[in-house]
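J.: sequence and predicted structure, then a few things I'm wondering about:
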Amino acid sequence: MRHERTIPLRAPEAPRALQDSAVAGSIKPSRPTPASVGSGWDRPIPYLSQPRAQSALRHQLTAIFDELEPALERRRAEEPQATFEMHVLPHRLIARLADTGISFSWVGAVGGQAPTVSEGRLLVIQWAGVETQMRGVAALRSARPMRERIYCPEAADSEHWGWRVDGSDGPACSTSALVAEWLAGCGTRG
């Protein structure tokens with residue numbers, strides 16, 4: 001983690017010649033008011049509140065797909081009679097593993113997209129009772145949620161991304177570890 005030191009700026013004082021003149025009474029050097037000292041202007045914007053974090057988020061959502069795809073291929077080879085498929089929707093990925101499923105959904109602010117990544121959450125749900133005779137997302141209509149968890153993103157930059165259980169002070173995990181945990185919960189080897 002990079003630490004930056006911010007030095008508060010002081011307003012320039014009036015030139016000495018003006019301070020001594022009769023005009024100096026009508027010109028006062030501006031100084032920050034107590035309410036403006038320590039405002040957001042003198043602090044760096046956290047990474048997840050910056051627009052460039054959106055690109056890193058898209059990369060992490062793609063990484064979830066990249067982690068799930070080989071696991072589904074292995075299961076498909078082991079159980080050719082069962083249905084293993086993935087559905088990619090905007091801000092959502094659903095992996096079907098025979099009669100179970102896992103959905104990974106990026107959820108923004110209520111009523112629209114979160115203005116920053118820091119305000120969004122990743123909702124992960126494990127589903128049971130997925131319809132075995134039906135294909136596609138419609139197979140989840142009969143499913144019921146068995147386990148769910150909400151994760152908040154944690155990142156200092158695009159290279160150091162993690163997911164922490166929302167409301168927890170436990171350690172953050174990588175995208176790879178997050179997917180492996182949920183696959184293990186579905187009895188799927190990652």
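T.: Okay, I see it.
J.: what sits against residue 95?
T.: Residue 95 makes contacts with 68, 72, 85-86, 101-103, as judged by Cβ atoms under 8 Å, 6 or more residues apart in numbering. C-beta here means a position set from N, CA and C on the backbone, and glycine is covered the same way.
J.: highest neighbour count among these?
T.: Neighbour counts for the contacts of residue 95, by other Cβ atoms under 10 Å, peak at residue 101, which reaches 25 neighbours.
J.: hang on, the earlier thing: could I get the contacts of residue 95 as TSV with pLDDT, distance to residue 163 and secondary structure?
T.: Formatted as TSV, the contacts of residue 95 follow (pLDDT from 0 to 100; distance: Cβ to Cβ, whole Å; DSSP: H, G, I helix; E, B strand; the rest coil):
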residue	pLDDT	distance to residue 163	secondary structure
68	94	15	helix
72	91	21	helix
85	90	24	strand
86	91	20	strand
101	90	20	strand
102	93	14	strand
103	94	15	strand
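J.: can you show me the CA trace of the lengthiest strand in the chain as PDB?
T.: Longest strand of the chain, by residue count under DSSP state E: strand 144-155. Extracted in PDB, the C-alpha atoms of strand 144-155 (Å, rounded to 0.1, in the frame of the first residue of the first chain):
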ATOM      1  CA  ARG A 144     -34.200 -22.400  -4.600                       C
ATOM      2  CA  PRO A 145     -31.300 -20.600  -3.000                       C
ATOM      3  CA  MET A 146     -29.300 -22.700  -0.600                       C
ATOM      4  CA  ARG A 147     -26.600 -20.300   0.400                       C
ATOM      5  CA  GLU A 148     -25.800 -16.700  -0.500                       C
ATOM      6  CA  ARG A 149     -23.100 -14.200   0.400                       C
ATOM      7  CA  ILE A 150     -22.400 -10.600  -0.400                       C
ATOM      8  CA  TYR A 151     -18.900  -9.400  -1.100                       C
ATOM      9  CA  CYS A 152     -17.500  -5.900  -1.400                       C
ATOM     10  CA  PRO A 153     -14.500  -5.200  -3.600                       C
ATOM     11  CA  GLU A 154     -11.200  -4.300  -2.100                       C
ATOM     12  CA  ALA A 155      -8.300  -2.900  -4.200                       C
END
